[in-house]
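Engineer: No sequence on hand, only this structure:
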Ligand code: GTP
Ligand code: MG
């Protein structure tokens, strides 16, 4: 994918504030700190398009980006961040579920899991929603640079067991080395119908 332009459009919490639907959209979901923003930056080749530090004001929102004037990427707020206040935690579910259920231009969700963590209830809740709403899902195992190649299969086992997904459903990715970038792009392009 050749990136000619990538720009932040706006943040939103509810449908009234989403930008108008212009072309297909792909969203990125996963727990806080899993690497959603880093993946987006790596894919579009802009190191600072999306802030990767945890600035709560910004990461609790849906952030819309327009790429090549052709499609959108949406950085969804992360879940499971221990330090957020309870009212923010409560808002996450309806905010994300409403987006997933109502955004007609949404063509797929890149669902990120940390290679070193067993998926928890919040991860599985999100997977349930995606299945229920029949949204094409691109599962990506991130921070793969943290695991030696020889350990990868073993590391993957608890993730396969808890999600019930086959090994070939997952792409592996590292924002450090760029490993997996082309694979993830290919699946995104297919989901977007480009
Ligand atoms: P929230 O916005 O809080 O939901 O987090 P996020 O999912 O957007 O994570 P972010 O991209 O901000 O990354 C969190 C931290 O993990 C940062 O310190 C990144 O540098 C680091 N990180 C992200 N991806 C990778 C990766 O592939 N490998 C390694 N080693 N570190 C990564
Ligand atoms: Mg982020």
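Structural biologist: On my side now, so go ahead. Note that the coordinates shown come from a computational prediction; the quantities given were computed from them, not determined experimentally. Ligands and ions are numbered 1, 2, ... in the order given.
Engineer: ok, what's across the strand from the spatially most central residue of the chain?
Structural biologist: Geometric centre of the chain, nearest residue: residue 28, 2.0 Å, by C-alpha atoms, centre = their mean. Using DSSP bridges, the bridge partners assigned to residue 28 are residue 75, residue 110.
Engineer: I'd guessed it sits against residue 74; true?
Structural biologist: Yes. Judged on C-beta atoms under 8 Å, residue 28 makes contact with residue 74 at a distance of 6.9 Å. Just so you know, the C-beta spots here come from the backbone N, C-alpha and C atoms, and that holds for glycine as well.
Engineer: So which residues of this structure form strands?
Structural biologist: 6-12, 25-29, 62-67, 71-75, 106-114, 137-142, 171-172 (DSSP state E).
Engineer: Determine which of those strands approaches ligand 1 most closely.
Structural biologist: Minimum separation from ligand 1 across those (C-beta to the nearest ligand atom) falls at strand 137-142, 5.1 Å.
Engineer: starting at the chain centroid, how far to that closest one?
Structural biologist: 8 Å (C-alpha atoms, centre = their mean, to the nearest Å).
Engineer: What of stretch 72-81?
Structural biologist: 6 Å.
Engineer: what do you get for stretch 22-41?
Structural biologist: 3 Å.
Engineer: now stretch 69-84
Structural biologist: Mean C-alpha position of stretch 69-84 versus that of the full chain (C-alpha atoms, centre = their mean) differs by 7 Å.
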